[in-house]
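[1] Below is the sequence, then the predicted model.
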Protein chains: 2
Amino acid sequence: MERIELSPIGVVESPLTDRATAPKQGDEGAPDAWLVFQEEVLEGLDGIRAGDEVIVLTWLDRAHRDVLRVHPRDDLTRAEQGVFNTRSPDRPNPIGHHVVEVVAIDGPRVRVRNLEALDATPILDVKPVLGRRGQR
Amino acid sequence: MERIELSPIGVVESPLTDRATAPKQGDEGAPDAWLVFQEEVLEGLDGIRAGDEVIVLTWLDRAHRDVLRVHPRDDLTRAEQGVFNTRSPDRPNPIGHHVVEVVAIDGPRVRVRNLEALDATPILDVKPVLGRRGQR
């Protein structure tokens, strides 16, 4: 099949730097973080406000792409599963999926709550969570 | 910033072929569809069962990538918004995000309900919806 090229729209700034000790999900003690967007996409943020819940898609650039089976949550007592049945970062196309609340916006910098992505993780896309404020 | 290369893990088979008339969201009358996975990633599906709710990420290959502002839902009576505050397929990295229920699995073919993606849309990733059957 064809190959697909993406270009990051921004980058995560977070105190998390170590995959081994980072929380596995945002609601498991992940810190607040900044999403820092590139100048050329800033218009695309128009309408996003503090209090909004958004889906952030990231590129998990420290993941292993040749993995198809894992022990869920790295728990060796649990049977191996296919990666598509887990949220493991290791998978053929390691796209991170994070649902976060926007807490502040400062120009190209958007502050969000409880993001488990590591510092310097590229951002691919941002989408509204549907079902708030009507369909968008 | 760096460029990122993805390779599709499969493809959508759907009766939907025309973007102009396709439903905008899965719960707006979208039909059932098949997800047809490539041989080399089949192991990654292990553990997914009929009845599961999954997130499917697709590559919206007929989208326009140079768009940063749209009228939500193509409704010209609504004010323009930044694309990251909408679910418009047109956006810098047009990744489709679909929450669907698995209804059947037949080898490399997974049948899902209410998918608004067009026929032949490349599939990038599949993830479980969290909060069912415990954390994965």
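    Yep, it's here.
[2] Quick one: residues in contact with stretch A:34-42.
    A:8-14, A:45, A:56, A:107-112, A:123, A:126, B:1, B:68, B:84, B:92 (C-beta atoms under 8 Å, 6 or more residues apart in numbering or on different chains). Where you see a C-beta, it was placed from the backbone N, CA and C, and this is true even at glycine.
[3] Select from those every entry located in strands.
    A:10, A:11, A:12, A:13, A:56, A:109, A:110, A:111, A:112, A:123, A:126 (DSSP state E).
[4] so who does the fifth one touch?
    Contacts for residue A:56 (C-beta under 8 Å, 6+ apart) come out as A:35, A:96, A:97, A:98, A:99, A:100, A:112, A:115, A:117, A:123, A:125, A:126.
[5] beta partners for it?
    Beta-bridge pairing for residue A:56 (DSSP bridges): residue A:98, residue A:126.
[6] Next one: it, what pLDDT does it get?
    As predicted, residue A:56 sits at a pLDDT of 98.
[7] about what we covered before: nearest to residue B:27, of the contacts of residue A:56?
    residue A:99 (18.2 Å; C-beta to C-beta).
[8] from memory the closest one sits against residue A:26, does it?
    Yes: using C-beta atoms under 8 Å, residue A:99 is in contact with residue A:26, at 7.1 Å.
[9] who has more neighbours, the two?
    Taking neighbours as other C-beta atoms under 10 Å in any protein chain shown, residue A:99 and residue A:26 compare with residue A:26 leading, 21 against 16.
[10] just wondering, since we're on that one, how far is it from chain B?
    According to C-beta to the nearest C-beta, to the nearest Å, residue A:26 and chain B sit 10 Å apart.
[11] List the residues that contact that residue.
    So residue A:26 contacts A:98, A:99, A:100, A:113, A:114, A:115, A:116 (C-beta under 8 Å, 6+ apart).
[12] remind me which residues of chain A are low pLDDT?
    For chain A, residues meeting the criterion pLDDT under 70 lie at A:1, A:131-136.
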